[in-house]
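Chemist: Sequence and predicted structure are below.
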Amino acid sequence: MRCGGMRVRIAALVLLCGGLFGCTTVHDFVYGPPTTFIVFFPANSAELTPDAAAIVKTAAVAIRRQHPKTVDIAAGVAAGGNMEMSAPRFAAVRKLLIDDGVDEDSIARSAIPDPKLDTGPARQRVEIRLLAKGA
């Protein structure tokens, strides 16, 4: 019977924590909210898949909550990828962020700096980075 009482206490603690921290995840509570979101595209395409669009929308929510000074969209490809897809992928991510309420003046573009990720889907990515909190 004692085990049942412990379960009730644990359940109460979980509910209390949920009330105190709202929708914050354990990861967010321990490490802070994410500041980088990685969006993968199909090979030779600049169209956002439903999963990729969901990641961009999640990034938009984080941007509206965290108010970073700059939202850096790192678009490009690692060695061996298709550089022609860089600009349209950047544009697709930028448009969806703006459509989801992100201030277009806060958006900047950069290149993906890590050439080690040069195989498979890693070539077909865009990274959304939240840089420094704004006022």
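Modeler: Ah, there it is. Residues are numbered from 1 along each chain as shown.
Chemist: where are the low-confidence patches of the protein?
Modeler: Applying pLDDT under 70 to the chain picks out residues 1-33, 76-83, 113-123, 133-135.
Chemist: let's go with 80 and repeat that
Modeler: Along the chain, segments meeting pLDDT under 80 span 1-34, 76-84, 112-123, 132-135.
Chemist: okay, now the domains of it?
Modeler: Domain ranges of the chain: 1-30, 33-133, per automatic domain parsing.
Chemist: what about Arg109, how many neighbours?
Modeler: 16 (other C-beta atoms under 10 Å). Just so you know, the C-beta spots here come from the backbone N, C-alpha and C atoms, and that holds for glycine as well.
Chemist: ok, it touching Asp72?
Modeler: Yes: contact status for Arg109 versus Asp72: in contact at 7.5 Å, counting by C-beta atoms under 8 Å.
Chemist: for Asp62, phi and psi?
Modeler: You called it Asp, but residue 62 is Ala. phi -60, psi -40 (degrees, to the nearest 10).
Chemist: Return the distance of it relative to Ala111.
Modeler: 22 Å (C-beta to C-beta, to the nearest Å).
Chemist: now do Arg129
Modeler: Using C-beta to C-beta, we find Arg129 at a distance of 12 Å from Ala111.
Chemist: Quick check: neighbours shared by these two?
Modeler: Ala74 (C-beta atoms under 8 Å, 6 or more residues apart in numbering).
Chemist: Now for Thr70, how many residues are close by?
Modeler: So Thr70, with other C-beta under 10 Å, has 14 neighbours.
Chemist: which one of Arg129 and Ala111 has more residues nearby?
Modeler: Using other C-beta under 10 Å, the more surrounded residue of Arg129 and Ala111 is Arg129, with 17 against 9.
Chemist: just checking, what packs against the helix or strand hosting that one?
Modeler: Arg129 belongs to strand 125-133 when assigned by DSSP states H and E. The contact analysis (3 or more C-beta pairs under 8 Å, 6 or more residues apart in numbering; DSSP states H and E) places strand 125-133 against strand 36-40, helix 50-66, strand 68-75, helix 86-99.
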